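[1] The following block contains a protein sequence and its predicted model.
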Amino acid sequence: MLVQPSDRLITIIGGSGFLGRHIVRALARRGYRIRVACRRPDLAGHLQPLGNTGQIMMVQANVRYPASLAAACEGAYAVINLTGVLYSAGAQSFDAVHAFGAEASAKAAKAARARVFIQMSAIGADENSTAQYARSKAEGERRARAAFPGAIVLRPSIVFGPEDSFFNRFAGLARIAPFLPLIGGGETKFQPVFVGDIAEAVAKLVDEGESTGKTYELGGPEVLTFKQLMQFTLDTIGRKRLLVPLPWGLAKLQAGILGLLPKPMLTLDQVELLRSDNVVSETARRDGLSLEGLGIAPQGIEGIVPGYLYRYRAAGQFTPPKGIPE
């Protein structure tokens, strides 16, 4: 179907990453003009083939520098802030990116007279959380709404897709490690959501063109424990590994060591996050503030994850479905 080009400009702050590329694709298919604001536009060339010639452009911007955001948002019909970090590192701290960055992005959108502002947050955002990540996300939501009344907040559960940092990380670990750790026993619940479904939700909200001030919680069709997700990963890549429960105290000790690495695999803050379930609330489901409420049927992990984890099998794509002896 031929999509009629639109003269509406959408600015996506932090749009060059995993989630951003899928949102860019979804909006490009609808004909919107897209401006991707990121710290390194020279490394974002992979986005241009997602649209027609001249439809997608990259500009340099940093949420820690409001003037750069003001330039990036000029003339925008909608502004989407996707910036986030999994751990604090130098200037890219939780407070700088999640709190100050959200506020600066919302202020830039307001100054540009954008009609829609969408703030990407996370399930579990809570100003009273023991995890700094969750507290900073909640603070970002509060500041964004103060700066842009009617700001829409999206809170996804753990996100999966070809470039994800969850299934890919643990599948890669299973190639070299004799076991996978189950932090806290592996009983924490998740509701994995497909990145393409999140992108469709963002596109629908942009299409509606209303700053409703609503908070949506986005999750997939299944609620699974961390242990079940690890077993699914092993079954998918055809490898047998021990699943070893790791008590909270030992997990914190390990995180204290791993957190010293330049790119830590586990931090103390992440251990704290795992103490709480990461699922769509009954309130959000009841009030239609979910993917289903937006008319989107969420896709599960079984039909998508095997399509990109095959490379972690013993013989890659040539491994039989049930795996081969190792």
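    Alright, I've got the coordinates.

[2] which residues of this protein score low on pLDDT?
    Counting by pLDDT under 70, the chain has low-confidence residues at 1-4, 320-326.

[3] cutoff 90 now
    Where the chain drops to pLDDT under 90, the residues are 1-7, 87-91, 254-266, 314-326.

[4] Show me the helices in it, by range?
    Taking DSSP state H as the test, the helices found in the chain are 18-29, 66-73, 94, 101-111, 132-147, 167-176, 195-208, 226-237, 248-258, 268-273, 282-286, 306-309.

[5] Make TSV out of the ones you listed and add mean neighbour count and distance to residue 155.
    C-betas here are computed from N, CA, C, even on glycine. Below are the helices of the chain laid out as TSV (neighbours: other CB atoms under 10 Å; distance: least, CB to CB, whole Å):
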stretch	mean neighbour count	distance to residue 155
helix 18-29	22	13
helix 66-73	20	22
helix 94	25	16
helix 101-111	26	13
helix 132-147	22	8
helix 167-176	17	20
helix 195-208	20	10
helix 226-237	20	19
helix 248-258	15	24
helix 268-273	20	14
helix 282-286	13	8
helix 306-309	16	25
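
[6] Skip the chain neighbours and tell me the closest residue to residue 201.
    residue 294 (5.3 Å; CB to CB, 6 or more residues apart in numbering).

[7] Just give me the neighbour total for that neighbour.
    Neighbour count for residue 294, taken as other CB atoms under 10 Å: 17.

[8] Format the helices of the chain as CSV; extra columns: distance to residue 300.
    Converted to CSV, the helices of the chain look like this (distance: least, CB to CB, whole Å):
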stretch, distance to residue 300
helix 18-29, 17
helix 66-73, 36
helix 94, 31
helix 101-111, 30
helix 132-147, 25
helix 167-176, 13
helix 195-208, 10
helix 226-237, 11
helix 248-258, 28
helix 268-273, 23
helix 282-286, 17
helix 306-309, 11
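
[9] Ok, which of those comes nearest residue 83?
    helix 101-111 (5.2 Å; CB to CB).

[10] who touches that closest one?
    11, 13, 63-64, 66, 69-70, 72-73, 76, 79, 81, 83, 117, 119, 139-141, 143-148, 151 (CB atoms under 8 Å, 6 or more residues apart in numbering).
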